[in-house]
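**Student:** Below are the sequence and a predicted model; questions follow.
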Amino acid sequence: MTRPATLGKIPATIVTGFLGAGKTTLIRNVLETANGRRLALIINEFGDIGVDGDVLRGCGVEACTDESIIELANGCICCTVADDFLPAIEKLLALDPPPEHIIIETSGLALPKPLVKAFDWPAVRRRLTVDGVIAVVDGAAVAAGRFADDPAKLAAQRAADPNVDHDNPLEEVYQDQLLCADLIVLNKTDLIDDTTQARVEAEIAAIVPRAVKIVATRAGKLDAALLLGLDARAEDDLANRPSCHDDEPEHDHDDFDSFVVPVAAVAEPESFLRKLAKLAEDHDVLRIKGFVEVEGKPMRLLVQGVGARFEKSFDRAWGREEARDGRLVVIGEKGLDQTAIRQALAS
């Protein structure tokens, strides 16, 4: 039996997921299937330019206006809750009329549980409730073992050789996102076969100790009716959302670097993507995303890559007075050779 929605409170949905899992694409599909519901967005990006916010603004959906989209670029939202999240919430609640539902897209490196905890603060609890935490998973990346190690195998290796360091911050972030979820979206299933998909789903189910539904999709194509209205009240259910970082006083992302690289207009998108893929492989880059001008084309090219796997699309026309400045955000583990990466992109 479905519980009634919490009376008098605006529901909020937290969309979490690792770098490049498809969170922004999923949210764009939610906006396009909202059926007129007034939505507001808080977008938390890891990097200095608003790629995700710009993508969502370009979708042209009346349900979500420019003033109801707030971008937080001062750091990971799970580390800056008091400084960034609360003022953003206050700004959205001051809208006239206020939003009917708030969607919060965390950065790919965020831990969702500290954000859920913020909804238990009296100033927030009176007005909002966490309708649900949605974890978006890149099925192809997980199948390749890039962000999900085998816990049993790691335990066996540690027992055999106690001198081996098995700490993996990416693994911890991935697990924390799954452990906090009310719904897990297994995205990009078009890139894996049925047998591999079943294996990934079994691995996810083994990580999450409670019953959480896994929904498979491609290109984040899920309807708002499925994703909104979960009525999870997650702020009242923190005990059932364990975290690898529960005993830590604070959390930061000193293990990662991000920087912005200006990019000149490109003549041919496919060769440019091949260049990016080689760069990502040579320098162990986790994520590249941004916008690029294509010579002779009126449309802006959106580029997104996870590891050496890239995709592109023309998302909208360049504005008449808009500077056609191509720029990419590059994200990787600490120690990226920024000089070499910039030189490779400039060549």
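**Tutor:** The structure has been received and is ready for your questions.

**Student:** list the contacts for residue 213?
**Tutor:** Residues in contact with residue 213 (C-beta atoms under 8 Å, 6 or more residues apart in numbering) are 183, 184. (Each C-beta comes from the backbone N, C-alpha and C, glycine too.)

**Student:** switch to 7 Å and redo it
**Tutor:** Counting by C-beta atoms under 7 Å, 6 or more residues apart in numbering, residue 213 touches residue 183.

**Student:** which residues pair with it across the strands?
**Tutor:** Legend: beta-bridge partners of residue 213 under DSSP bridges are residue 183.

**Student:** Can you tell me how far it is from residue 233?
**Tutor:** 17 Å (C-beta to C-beta, to the nearest Å).

**Student:** Just the helices from the protein, written as ranges.
**Tutor:** For the chain, the helices defined by DSSP state H occupy 23-32, 51-57, 86-93, 112-118, 122-125, 139-143, 151-160, 169-179, 194-207, 224-227, 269-283, 338-346.

**Student:** Touching, residue 310 and residue 274? I think so.
**Tutor:** No: look at residue 310 against residue 274 with C-beta atoms under 7 Å: they stay out of range, at 8.5 Å.

**Student:** quick one, which of these two is more surrounded?
**Tutor:** With neighbours defined as other C-beta atoms under 10 Å, residue 310 and residue 274 compare such that residue 310 has more, 21 against 13.

**Student:** And the pLDDT at the more buried one?
**Tutor:** Note on residue 310: pLDDT of 86.

**Student:** Which residue is the nearest non-sequential neighbour of it?
**Tutor:** Excluding its sequence neighbours, the residue lying closest to residue 310 (C-beta to C-beta, 6 or more residues apart in numbering) is residue 273, at 4.6 Å.

**Student:** I figured that neighbour hits residue 311, correct?
**Tutor:** No: in this structure residue 273 lies outside contact range of residue 311 using C-beta under 7 Å: 8.2 Å.

**Student:** More neighbours: which of these two?
**Tutor:** Neighbours were tallied for residue 273 and for residue 311 using other C-beta under 10 Å; the higher tally belongs to residue 273 (20 against 14).

**Student:** Now do the more buried one against residue 264, distance only.
**Tutor:** From residue 273 over to residue 264 (counting by C-beta to C-beta), the distance is 16 Å.

**Student:** in the stretch 201-347 of the chain, what spans have low per-residue confidence?
**Tutor:** 245-256 (pLDDT under 70).

**Student:** quick one, strands of it?
**Tutor:** Using DSSP state E, counting those that start in this stretch, the strands of the stretch 201-347 of the chain run over residues 213-216, 256-263, 285-293, 299-306, 309-317, 326-333.

**Student:** hmm, who's touching the fifth one?
**Tutor:** Put plainly, it is strand 309-317. 55, 58, 269, 273, 276-277, 298-304.

**Student:** and these, which are buried?
**Tutor:** Those of the contacts of strand 309-317 that meet the buried threshold are 55, 269, 273, 276, 277, 300, 301, 302, 303, 304, by 16 or more other C-beta atoms under 10 Å.

**Student:** Now do the contacts for the fourth one.
**Tutor:** So that's residue 276. Each residue near residue 276 by C-beta under 7 Å, 6+ apart is listed here: 288, 305, 310.

**Student:** what about residue 9, neighbour count?
**Tutor:** Around residue 9 sit 17 other residues, with neighbours defined as other C-beta under 10 Å.

**Student:** partner residues bridging the residue nearest to it when sequence neighbours are not counted?
**Tutor:** Residue nearest to residue 9 in three dimensions, not counting chain neighbours: residue 129, with 4.5 Å by C-beta to C-beta, 6+ apart. Residue 129 forms beta bridges with residue 11, as assigned by DSSP bridges.

**Student:** Correct me if wrong: residue 129 contacts residue 11.
**Tutor:** Yes: applying C-beta under 7 Å as the test, residue 129 and residue 11 come out as touching, 5.8 Å apart.

**Student:** Please report how far the spatially closest residue to residue 326 that is not a sequence neighbour lies from residue 196.
**Tutor:** Excluding its sequence neighbours, the residue lying closest to residue 326 (C-beta to C-beta, 6+ apart) is residue 263, at 3.7 Å. To residue 196, residue 263 is 34 Å away according to C-beta to C-beta.

**Student:** which one of those two has more residues nearby?
**Tutor:** Legend: neighbour count by other C-beta under 10 Å for residue 263 and residue 196, higher for residue 263 (19 against 16).

**Student:** need the contact list for that one.
**Tutor:** Neighbours of residue 263 in contact, by C-beta under 7 Å, 6+ apart: 292, 326, 327, 328, 345.

**Student:** tell me which of these is nearest to residue 24?
**Tutor:** Closest approach between the contacts of residue 263 and residue 24, by C-beta to C-beta: residue 328, at 15.5 Å.

**Student:** Residue 194 versus the nearest residue to that closest one once chain neighbours are set aside, what's the distance?
**Tutor:** Distance criterion C-beta to C-beta, 6+ apart; nearest residue to residue 328, sequence neighbours excluded, is residue 290 at 3.6 Å. Remark: distance between residue 290 and residue 194 (C-beta to C-beta) = 34 Å.

**Student:** The two: which has the busier surroundings?
**Tutor:** Neighbours of residue 290 and residue 194, each counted by other C-beta under 10 Å, are more numerous for residue 290; the result is 22 against 9.
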